[in-house]
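[1] Attaching a predicted model along with its sequence, questions to come.
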There are 2 protein chains.
Amino acid sequence: MKKIVVQKFGGTSVADIDKIKNVAKTVIREKNNGHDIVVVVSAMGHTTDHLVKMAKDINPSPSAREMDMLLSTGECVSIALLTMAIQAQGYKAVSFNASQIGILTENVHSKARIVDISTEKLKKNLDEGNIIVVAGFQGVTEDGEITTLGRGGSDTSAVALAAALNAERCDIYTDVEGVYTTDPRVVPKASRLDTISYEEMLELAHAGANVLHPRSVETAKQYSVPLRVRSSFNLENMGTLIVGVEKMEINKPVAGVASDLSQVRIVVREIPDTPGEAATLFSYLAEENISVDMIIQSYARKTTSTNDIAFTINKEDLPKALSILEKVKEKLGAESVTTDEDIAKVSIIGAGMIDRPGIASTMFKTLADSDINIKMISTSEIKISCLIDRADAEKAVKALHKTFNLESDEVADVKGTLPDV
Amino acid sequence: MKKIVVQKFGGTSVADIDKIKNVAKTVIREKNNGHDIVVVVSAMGHTTDHLVKMAKDINPSPSAREMDMLLSTGECVSIALLTMAIQAQGYKAVSFNASQIGILTENVHSKARIVDISTEKLKKNLDEGNIIVVAGFQGVTEDGEITTLGRGGSDTSAVALAAALNAERCDIYTDVEGVYTTDPRVVPKASRLDTISYEEMLELAHAGANVLHPRSVETAKQYSVPLRVRSSFNLENMGTLIVGVEKMEINKPVAGVASDLSQVRIVVREIPDTPGEAATLFSYLAEENISVDMIIQSYARKTTSTNDIAFTINKEDLPKALSILEKVKEKLGAESVTTDEDIAKVSIIGAGMIDRPGIASTMFKTLADSDINIKMISTSEIKISCLIDRADAEKAVKALHKTFNLESDEVADVKGTLPDV
């Protein structure tokens, strides 16, 4: 049996007829390399936006079940058209939606997780010489309900298929050349990484790099699927390979610098100092699925016996969070709830940090030398993040990128950095 | 258990957001009449045309399987949006595609026939108080392959669902007010029929009236499903009820006049007079699924011992037919094959003809009085058709409509006569 390669093409790669024909060529090129091919595609270009707009015009709060029914059509259009394009080149191909092959998910609409993929039909069709084109982003429950996987869903479909099929690797074709040491729009001398570990990529993704959704990287890590991020439009460039940290040779302590402008800081002031107040606060937020990122709790003020708690959440969750916090404020007897959107989180990421001390202090010193004030700090084994003024974000990224020797000799050729679903 | 009404809305009825909202109101109105409702919808307006165009741009002869995958998305968009519109009015509703409820068809793409519909999921959801919105035009095979039902497919879906659910009736909402004695664009005084039999409707449909596809009428007849054709845009008008002939009181021998401009006449001249030549000719055409309508075989010419055979087929089949006939001409030793597109078939239809003699001669006399030459004639129990010059079609319809007393006192309010898929 031939080795299987799973390829994924996002919405910008199949945005129009000519691009779909191009994708067909890329698929066939890999087929001619002697691989069995499973292709995962997203909906064409702005299809999803268009469908969402129609839905909102009809019903301001459409049911999640019907949204999934609606949105899942976008990928079905793409798979049919791409299959036709491959067939037009004289190759055997067949398309399947998630229900047909059984990409089984939990019974949750709009952000379901894949629980199982049946490979019988896929293997049978590969054995018959077919290139298989699968609809990304969608799944099906045991009861035959159509689900979607949420943001980054097509990447996750591709990685899950690669895991189920024990594929040699999963290639994520996108409109960027790979994973960079930082955003090339901010630092033109950002360098493309040839290799990065799952762990680093996860931190980079969470830290705001738009290349891959964290869920797909987590799935790849869990099943040890080698992931390659590469450009649909420049096949000469092999992009970035994402693998287990054990397979990497680590040369530099810091692999990349990321900035995240999507957060907002909330401060709840003067909470009477009683045990469990923080637990109360965060359990209410958790109930509404609001993720909290950085947290600082101040020491109790001696004069008033009150605490301040500061934390950051995603801006999208702010309206929901504020209505919860209004109730929590009453309950805890806190003085006030204030918000600050003029913030940025800058992070340095690197598997090499673990056994090299002094990285954190170098980071703090670099920011201090640039007259940048640090408001909050959080760390993990392979990441250090600082919350700073939004106005300082670009300056911070540039300075850190330089300090940690990440610059390339060449200026990156940035084609676009739209995130693909 | 409440009585079930199946409603079907075609592409023009759901062409935009406002029309979909209107359909939701019509559905709810029937629900409030105390019925359980199953709604079948087609793809929005020109969606299908748009999808077909993309496919042809990618592959001039796309595979039927992938076309079905592509086209079936159109109805899935409609069901999701209509369900959202119904929910926006505060009613419970749920959408299903053909795979989900199991509208089982033969394993044939682009024109599959329905072989079974499972009603378990439908009944369960009706019992829970849901209005059910089903994707028309599509089916699924036992292997989970997506199929489509071909022209008039959504009508057929609706009628088949009504039969499976033992519905009280099936209402086909469209952009015409019902079934008319003839095309109101040709004869403004055409009158709407309150009732017509399946048999008459079948002949009218075959004869070129665009209101309903024959297949849906055949299915309704087979399962005795009362069918109502009515306007989406004028709910005051009850449209036309189509029922079994035994349930009708027949007042007039002729119910309607139809003209069909879609045929082409082919003449194969001077075929040597050997037994079986006609069989050879028509068996070749049948093998390629080309339906032959009217046939005339001339008497053998004494001088040459040859026959001429003239017959009509649908214009769409002409290129395929000509390539077959070229071979057949060689084989039979015929002299020539000529075609004539400047023809029209006019028909009078009526269940009342059966036991009233003289209808045919009245028809021929009416045409003769209008100086119209008859080229071919064919008859069935409830229909008489004459092939005439295309230029005479309108004149013939007007004359026949008048002769058989079909005129209304009012001028029909023609809103549109686009056929719905």
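    Sure, I can see it.
[2] which bits of the stretch 51-200 of chain A sit near chain B?
    A:51, A:54-55, A:57-60, A:62-63, A:65-67, A:69-70, A:72-73, A:76-77, A:79-81, A:83-85, A:87-88, A:94-95, A:97, A:99-100, A:144-146 (C-beta under 8 Å from any C-beta of the partner chain). No exception for glycine: its C-beta is placed from N, CA and C like everyone else's.
[3] Next, the buried residues of the host helix or strand of residue A:53.
    Element membership of residue A:53, judged by DSSP states H and E, is helix A:47-58. Within helix A:47-58, the residues scored as buried using 16 or more other C-beta atoms under 10 Å in any protein chain shown are A:47-48, A:51, A:54-55, A:57-58.
[4] Tabulate those residues in TSV, adding columns for pLDDT and distance to residue A:176.
    Compiled in TSV, these are given as follows (pLDDT from 0 to 100; distance: C-beta to C-beta, whole Å):
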residue	pLDDT	distance to residue A:176
A:47	94	21
A:48	93	20
A:51	97	25
A:54	97	30
A:55	97	30
A:57	97	33
A:58	97	35
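[5] still on that earlier bit, can you flag the buried ones in the residues of the stretch 51-200 of chain A next to chain B?
    For these, a neighbour count by 16+ other C-beta under 10 Å gives the buried set as A:51, A:54-55, A:57-59, A:62-63, A:65-67, A:69-70, A:72-73, A:76-77, A:79-81, A:83-85, A:87-88, A:94-95, A:97, A:99-100, A:145-146.
[6] shaky segments in the stretch 201-350 of chain A?
    For the stretch 201-350 of chain A, the stretches with pLDDT under 70 are A:207-209, A:299-302.
[7] Nearest to chain B: which residue in it?
    Closest residue of the stretch 201-350 of chain A to chain B, C-beta to the nearest C-beta: residue A:232 (17.0 Å).
[8] Run a quick neighbour tally on that residue.
    Using other C-beta atoms under 10 Å in any protein chain shown, residue A:232 has 22 other residues around it.
[9] And the helices in chain A, which stretches?
    Residue ranges of the helices in chain A, as given by DSSP state H, are A:17-32, A:47-58, A:64-88, A:98-101, A:120-127, A:153-164, A:198-206, A:214-222, A:277-287, A:318-332, A:359-369, A:393-403.
[10] tell me the most buried of those helices?
    helix A:153-164 (a mean of 28; mean count of other C-beta atoms under 10 Å in any protein chain shown).
[11] which residue sits closest to the closest residue to chain B within the stretch 101-250 of chain A in space, ignoring its chain neighbours?
    Proximity of the stretch 101-250 of chain A to chain B (C-beta to the nearest C-beta) peaks at residue A:144, 5.1 Å away. Leaving aside its chain neighbours, residue A:144 sits nearest to residue B:100 (5.1 Å; criterion: C-beta to C-beta, 6 or more residues apart in numbering or on different chains).
[12] gap between that neighbour and residue B:146?
    Applying C-beta to C-beta, to the nearest Å, the value for residue B:100 to residue B:146 is 12 Å.
[13] just residue A:137 next, same as before
    Distance of residue A:137 to residue B:146, computed by C-beta to C-beta: 18 Å.
[14] Ok, residue A:30 next?
    Distance, residue A:30 to residue B:146, by C-beta to C-beta: 27 Å.
[15] What of residue A:259?
    From residue A:259 across to residue B:146, the span is 45 Å (C-beta to C-beta).
[16] Likewise for residue A:201?
    Relative to residue B:146, residue A:201 is positioned 37 Å away (C-beta to C-beta).
[17] got it, and residue A:356?
    Applying C-beta to C-beta, the value for residue A:356 to residue B:146 is 56 Å.
[18] ok, now residue A:1?
    Taking C-beta to C-beta, one finds residue A:1 at 28 Å from residue B:146.
[19] Next: residue A:363.
    Residue A:363 is 55 Å from residue B:146, where distance means C-beta to C-beta.
[20] Repeat that for residue A:141.
    On the measure of C-beta to C-beta, residue A:141 and residue B:146 end up 19 Å apart.
[21] Check the contact between residue A:325 and residue A:269; I expect there is one.
    No - with contact defined as C-beta atoms under 8 Å, residue A:325 does not reach residue A:269; the gap is 11.5 Å.
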